[in-house]
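Engineer: got a structure for you, letters missing:
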Ligand SMILES: Nc1ncnc2c1ncn2[C@@H]1O[C@H](COP(=O)(O)OP(=O)(O)OP(=O)(O)O)[C@@H](O)[C@H]1O
Ligand SMILES: O=C(O)[C@H](O)COP(=O)(O)O
């Protein structure tokens, strides 16, 4: 697997006749009341791996949301959706490792696909543990008894050091699934010989992650430019001492990112000529979109999009870049009056020779626009993609490497 050559994949191991524990990430936007999955992109992306296991018994382990959230649900609807997409039955077991699950799996046939209950219903899965600690949990000791081999295809969860991600590779021979391989290979290309200039477009609301990525890619020469949009741009505008208005400052405070302004200021002092921050924005004034220079913003109006003049330097930069990494929308795109910047940036980014997208919201807009096939790679990862792009070795990857050495 490229720079991760220590990790084994499906082409290295024959899984025929084996019982495979397959970790996927089916965590998706759902309507919890109606039990309806609103976006099945992650299901579609995992299909290749699941289909490749037709000569094995496949036991699917996944999570949906986390404890305390409204969409922390059982996986009955997930099994149904997978069955529709796969074109064959998927047996849902409302159990994770109890005797019913153990017996059911033992009796199942080669070619069967079985989905276990939301693994985060087990409290241990919600702990942040090392591989060694995870291996000692009741969850991992019991799951391990149910399979011969572990396949991790859950790139979306690769940044979590949780038992099924880092513990199963401690106790079973573990390999990467096809989606995991594709994600790692495509995202690694950003670090390895991507055509230059390379521009990272960082938007949306996950400001701390975006600032971390900006610093890392500029410091390490991975990117030539960073274009800040969305709430990330508002932080940089505030760092440049523009008065961005009370509602935009309140949002930053509400999200807990006030401290990021100082960090953005220090990055600007080092890389001022490498960071593009559009200064012409769209605000909401008396309920309507009004465009203006950021220095003229009324104190009580929120910045919700790029202005059309602000878009010009963005398009110039994107069009002169051969590689574009896009993570996070440029505005409140859910409201049609403020979707302009996001749509125009996506259209321009899609033209780049090498184009990579991270983030669930961003991927969903691209799919809605029918632009998915125009991008080189659209990651299924939100946090995982962004952490990968900061250059960190993700826990899932480290665990697969270790497992390959141990079970060589
Ligand atoms: N100026 C703005 N003011 C308020 N909200 C904004 C602004 N710009 C972008 N957003 C919001 O950012 C949100 C998406 O940000 P986020 O960082 O979560 O994107 P993502 O990384 O693509 O998605 P995900 O978190 O699902 O992986 C959207 O709901 C959008 O409305
Ligand atoms: O959607 C995601 O980012 C993954 O499924 C991980 O979910 P988490 O942020 O709840 O750990």
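Structural biologist: Ah, there it is. The shown structure was predicted, so the numbers you read here are calculated from the model rather than taken from an experiment. Numbering: from 1, shown residues only. Ligands and ions are numbered 1, 2, ... in the order given.

Engineer: so the closest residue to ligand 2 within the chain, which of the three states?
Structural biologist: Nearest to ligand 2 in the chain, going by Cβ to the nearest ligand atom, is residue 27, at a distance of 3.5 Å. C-beta coordinates here come from the backbone N, C-alpha and C atoms, glycine included. When classified by DSSP: H, G, I helix; E, B strand; the rest coil, residue 27 comes out as coil.

Engineer: list the contacts for it?
Structural biologist: In this structure, residue 27 makes contact with 42, 62-65, 156-157, judged by Cβ atoms under 8 Å, 6 or more residues apart in numbering.

Engineer: Run through these and flag the ones next to ligand 2.
Structural biologist: The subset of these lying close to ligand 2, counting by Cβ under 6 Å from any ligand atom, consists of 156-157.

Engineer: now residue 115: how far from residue 293?
Structural biologist: Applying Cβ to Cβ, to the nearest Å, the value for residue 115 to residue 293 is 54 Å.

Engineer: Between the two, point out the one with more neighbours.
Structural biologist: Between residue 115 and residue 293, residue 115 has the larger neighbour count (other Cβ atoms under 10 Å), namely 25 against 13.

Engineer: and that one, what does it touch?
Structural biologist: Applying Cβ under 8 Å, 6+ apart to residue 115 gives the contacts 59-60, 62, 75, 78-79, 82, 90-93.

Engineer: where exactly do the helices run in the stretch 251-400 of the chain?
Structural biologist: Assigned by DSSP state H, counting those that start in this stretch, the stretch 251-400 of the chain shows helices spanning 260-271, 308-319, 340-349, 360-369, 383-389, 395-406.

Engineer: Tell me which of the ones you listed sits most buried.
Structural biologist: Of all those, helix 383-389 has the most neighbours on average by mean count of other Cβ atoms under 10 Å, namely a mean of 24.

Engineer: Enumerate the residues of the stretch 51-200 of the chain near ligand 1.
Structural biologist: Near ligand 1, when you scan the stretch 51-200 of the chain using Cβ under 6 Å from any ligand atom, you find nothing.

Engineer: Now do the strands in the stretch 51-200 of the chain.
Structural biologist: 57-61, 91-93, 113-116, 149-152, 174-176, 198-202 (DSSP state E, counting those that start in this stretch).

Engineer: quick one on the thing from earlier: ok, and the most crowded of the contacts of residue 115?
Structural biologist: Counting neighbours by other Cβ under 10 Å, residue 62 comes out on top of those with 29 neighbours.

Engineer: which bits of the stretch 1-150 of the chain sit near ligand 2?
Structural biologist: The stretch 1-150 of the chain comes close to ligand 2 at residues 25, 27, 66, as judged by Cβ under 6 Å from any ligand atom.

Engineer: Save these as TSV, and put in distance to residue 122 and pLDDT too.
Structural biologist: Listed next are those as TSV, based on distance: Cβ to Cβ, whole Å; pLDDT from 0 to 100:
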residue	distance to residue 122	pLDDT
25	17	98
27	15	95
66	12	93
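
Engineer: ok, of those residues, which one's closest to residue 278?
Structural biologist: Lowest distance from residue 278 to those (Cβ to Cβ) belongs to residue 27, with 32.7 Å.

Engineer: roughly how far apart are that closest one and residue 77?
Structural biologist: Distance of residue 27 to residue 77, computed by Cβ to Cβ: 13 Å.

Engineer: Then residue 7?
Structural biologist: According to Cβ to Cβ, residue 7 and residue 77 sit 32 Å apart.

Engineer: for residue 189, same thing?
Structural biologist: As judged by Cβ to Cβ, residue 189 and residue 77 stand 35 Å apart.

Engineer: How about residue 87?
Structural biologist: 18 Å.
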